[in-house]
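Chemist: pasting the structure only:
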């Protein structure tokens with residue numbers, strides 16, 4: 001599995017989990033789902049930061 005496939009898979013899995021919990025929270029008022037959604041959103045933020053840093057490192061090493 002390439003780095004791209006690994007990172008893309010991580011993003012999509014986390015996003016799918018977040019979507020489910022957001023729907024449960026906003027449409028059904030499930031407070032526990034809101035907590036899980038906040039946790040997933042923080043994971044997305046962390047993962048996004050890691051990917052951004054990885055991209056920057058790759059760009060800098062090529063020059």
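Modeler: Perfect, thanks for sending it. What you see is a predicted model, and the numbers here were worked out from it, not measured in a lab. Numbers count the residues shown, from 1 in each chain.
Chemist: Just give me the neighbour total for residue 14.
Modeler: Residue 14 is flanked by 17 other residues according to other CB atoms under 10 Å. C-beta here means a position set from N, CA and C on the backbone, and glycine is covered the same way.
Chemist: Quick check: the residue nearest the centre of the chain vs residue 6, distance?
Modeler: Closest residue to the average C-alpha location of the chain: residue 44 at 2.7 Å, with CA atoms, centre = their mean. For residue 44, the distance to residue 6 (CB to CB, to the nearest Å) stands at 16 Å.
Chemist: before we move on, the earlier item: run a quick check on the residue nearest to the centre of the chain versus residue 15, I expect a contact.
Modeler: Yes. Shown here, residue 44 and residue 15 form a contact pair, counting by CB atoms under 8 Å, at 6.7 Å.
Chemist: Find me whatever residue is spatially closest to the residue nearest to the centre of the chain, sequence neighbours aside.
Modeler: Nearest non-adjacent residue to residue 44, counting by CB to CB, 6 or more residues apart in numbering: residue 14, 5.4 Å away.
Chemist: if we can go back for a sec, which SSE is the residue nearest to the centre of the chain in?
Modeler: Here residue 44 sits within helix 31-62, counting by DSSP states H and E.
Chemist: I'd like to know which elements that helix is packed against.
Modeler: On a contact count with 3 or more CB pairs under 8 Å, 6 or more residues apart in numbering; DSSP states H and E, helix 31-62 meets helix 3-28.
Chemist: Leaving out chain neighbours, which residue sits closest to residue 40?
Modeler: Excluding its sequence neighbours, the residue lying closest to residue 40 (CB to CB, 6+ apart) is residue 18, at 3.9 Å.
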